[in-house]
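Asks: Predicted structure and sequence below. I'll ask about it afterward.
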Amino acid sequence: MSKSKGTVLVAMSGGVDSSVAAALLKKRGYNVIGMMMKIWQDSEAESQHGGCCSLEAWGDVRRVARQIDIPCHIVDFREQFMESVVADFVSEYRKGRTPNPCVRCNQYLKFKDLMKKADELGCDYLATGHYARIRFNHRTNRWNLWQSLSDKKDQSYALSMLDQYQLSRAKFPIGELSSKDETRKLAAEMGLPVARKADSQEFCFAEQAGDYIQLIKNIAPEVFVEGPILDTSGKEIGRHEGIALYTVGQRRRIRLNRDGQPLYVISIDSINNAVIVGSNEELNRCEANVSSVCWGAIDNLKNPLEVQAKIRYNMHVSPATLLPTGDELRVTVKFKNPVRAISPGQTAVFYQGQSVVGGGIID
């Protein structure tokens, strides 16, 4: 009998990706423990079809666990999720910013709070069903986060804020697969009952709450107070229904034109409850300031560094130069070509080749 490679706690959602991740690790000789995080629903409101932490999802986790012969648990992380993810999400909208809750959830909930559960269970590693890879660079003595083999499913952007300790204990087995089709094929070959299960299309608590706008209204109704829409000269040209309804680059809900050309959100002034609009050309920027930087492939930035950067999850990378500021947690990003709609609160991620150099929050 082969010796175990260690014990892995696998974050399981009941979906095909995390199920295949658990099955692959078991097949590769690890002791595997499955765990589903209950992050949203109240016990009274639990439904059979409620998304990522519903009774249906928990049932799928248990069926997969029986199929691959591993123990599974459920842990109540509702309080931690509200504190680490939802509260920050609402706070950022209060400031007129556009956060990415998935980045924060990975950084604080999965690879901090869930890592503590892994420790309690004596686990060596924590695995998820993310499409990404990890490599150890012996030259720099650092763990590097890499893009997945599947370009269409790559999730390195959402994992870019993981630190060296978190990366050293993380495993992303499906990051080595070439496509979601291959993941489903493996699930079917292994007889997993979730092989044909549909993907979630929204970040989890918006899916659970039904509408993230309604969620913000319930927690922070003050950001839905009517205010002025200003052009870039400061002239009021309309009224808005609340700054949380808008983000940089947005045309929807503006319904204003200038010289026959549509206007877009250029910036949001939360102090004065104002939305500033301008032309599509005025959205283009060549520079961004980024804070709370988590460095990956390098320990910090001492000299200008050429990278490929992206300022949103679903955008293509753009050539840029990182400039040090004297503060290792802050960096200035200068893009070679203008980039449209750089949004405060979003995550900026820097790459060299397939490796993540680092990531931070746009100021």
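Replies: Cool, the structure landed. Residues are numbered from 1 along each chain as shown.

Asks: Ramachandran angles for A127?
Replies: In terms of degrees, to the nearest 10, the main-chain angles of A127 are phi -120, psi 150.

Asks: That one contacts M12, doesn't it?
Replies: No. Counting by CB atoms under 8 Å, A127 does not reach M12; the two are 9.5 Å apart. All C-beta spots, glycine's among them, are computed from the backbone N, C-alpha and C.

Asks: Please say which of the two ends up with more neighbours.
Replies: M12 (32 against 26; other CB atoms under 10 Å).

Asks: That one and V20 touch, don't they?
Replies: No. With contact defined as CB under 8 Å, M12 does not count as touching V20 (10.5 Å).

Asks: Need the residues touching each of these two.
Replies: Residues touching both M12 and V20 (CB atoms under 8 Å, 6 or more residues apart in numbering): G129.

Asks: follow-up on the earlier one: show me whatever sits in contact with both of A127 and M12.
Replies: Contact criterion CB under 8 Å, 6+ apart; residues shared by A127 and M12: A22.

Asks: roughly how far out does the helix or strand containing T183 sit from the chain middle?
Replies: Per DSSP states H and E, T183 falls inside helix 180-189. Once both centres are worked out by CA atoms, centre = their mean, to the nearest Å, helix 180-189 turns out to sit 24 Å from its chain's centre.

Asks: And for stretch 170-183?
Replies: With CA atoms, centre = their mean, you get 17 Å for stretch 170-183.

Asks: now stretch 30-43
Replies: For stretch 30-43, the distance to the chain centre is 19 Å (CA atoms, centre = their mean).

Asks: And stretch 135-149, what's buried?
Replies: By neighbour count on 16 or more other CB atoms under 10 Å, the buried set for stretch 135-149 is 142-149.

Asks: do the same with stretch 311-327
Replies: 311-312, 318, 320, 322.

Asks: Pull the residues that contact that stretch.
Replies: Stretch 311-327 has contacts (CB under 8 Å, 6+ apart) with 100, 102, 157-158, 288, 301-310, 331-337, 339, 342-343, 346-348, 350-351, 357, 362.

Asks: measure that stretch end to end?
Replies: Taking CA to CA, to the nearest Å, stretch 311-327 runs 21 Å from one end to the other.

Asks: Same question for stretch 241-254.
Replies: 10 Å.

Asks: Pull out the buried residues from it.
Replies: Within stretch 241-254, the residues that qualify as buried are 242-250, 254, counting by 16+ other CB under 10 Å.
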